[in-house]
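K.L.:
What would the 3D arrangement of this be:
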Amino acid sequence: MYYSPHNEYLNPDAKIVIVGITPGWTQMKTAFQQAGNSLHNGHSIPEILRSAKKAASFSGSMRVNLISMLDGCGVPAALGVNSSETLFYDKWDLLHTTSVIKYPVFHQYKNYTGHRPKIEHSSLLSYFAYEIFPKELGMLKNRSLIIPLGKTVEHVFVMLIAQKELPAHHQYLFGFPHPSGANGHRKKQFEEQIQTFQKIVEKWAKQL
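P.N.:
Okay, here's the model as predicted:
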């Protein structure tokens, strides 16, 4: 496990919350580069953390895939914006991105994927997923649409909900495939569930 500054920032006013398993190498690199630039420009610590989060949030090709999938679910219509892309730019105040494991984890020089070890088989990973993470979600003020990315993250949510560790008023979008380009089944999985996703988003939007 390594430190990265971007997940130190929390947007308590977010309406959309996207949750990955752990920051990857690309996010970590981007966060440190942005933090360095902000520090060089004399920004305050809160400003540095905020800019690092904005720059690193699902950066690279994953962001492109994620935007397309959110558009397909009807998120823009629910929020009254033209495209989900605006969530990463001028409508960034509506978005909070985070991870069940707050800091980057690597296994054999590769991004941790939830296996080897499984989260429950590591006291360190379990601490971040089952103790630190629910406290973060507890700080959200709105009835948010929370999107767990992939089966490993969804499993953490299922366990936390069963233990009544998460706020009941949020809307959860389960079954959402991980947007990574390495997920070869992403498009098929998404197409199979898209109508269900659209109905959930529409239901959530009516209760905003």
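K.L.:
how about the helices in this protein?
P.N.:
Ranges of helices in the chain, per DSSP state H, are 25-40, 45-56, 61-73, 75-79, 123-127, 133-137, 151-162, 186-206.
K.L.:
list the buried ones in the fourth one?
P.N.:
For helix 75-79, a neighbour-count test (16 or more other CB atoms under 10 Å) marks V75, P76, A78, L79 as buried. For glycine as for every other residue, the C-beta is placed from the backbone atoms N, C-alpha and C.
K.L.:
Packing partners of it?
P.N.:
In terms of contacts (3 or more CB pairs under 8 Å, 6 or more residues apart in numbering; DSSP states H and E), helix 75-79 is packed against helix 186-206.
K.L.:
Between the helices of the chain, which one is closest to S4.
P.N.:
The minimum distance between S4 and these falls on helix 25-40, with 4.4 Å, by CB to CB.
K.L.:
returning to what we had before: can you tell me which of the buried residues of helix 75-79 comes closest to L173?
P.N.:
For the buried residues of helix 75-79, the residue nearest L173 by CB to CB is V75; the value is 9.6 Å.
K.L.:
List the contacts of the closest one.
P.N.:
I16, S84, L87, L145, V201 (CB atoms under 8 Å, 6 or more residues apart in numbering).
K.L.:
Check Y9 too.
P.N.:
Counting by CB under 8 Å, 6+ apart, Y9 touches P46, L49, R50, A52, K53.
K.L.:
Closest one of those residues to T22?
P.N.:
K53 (15.1 Å).
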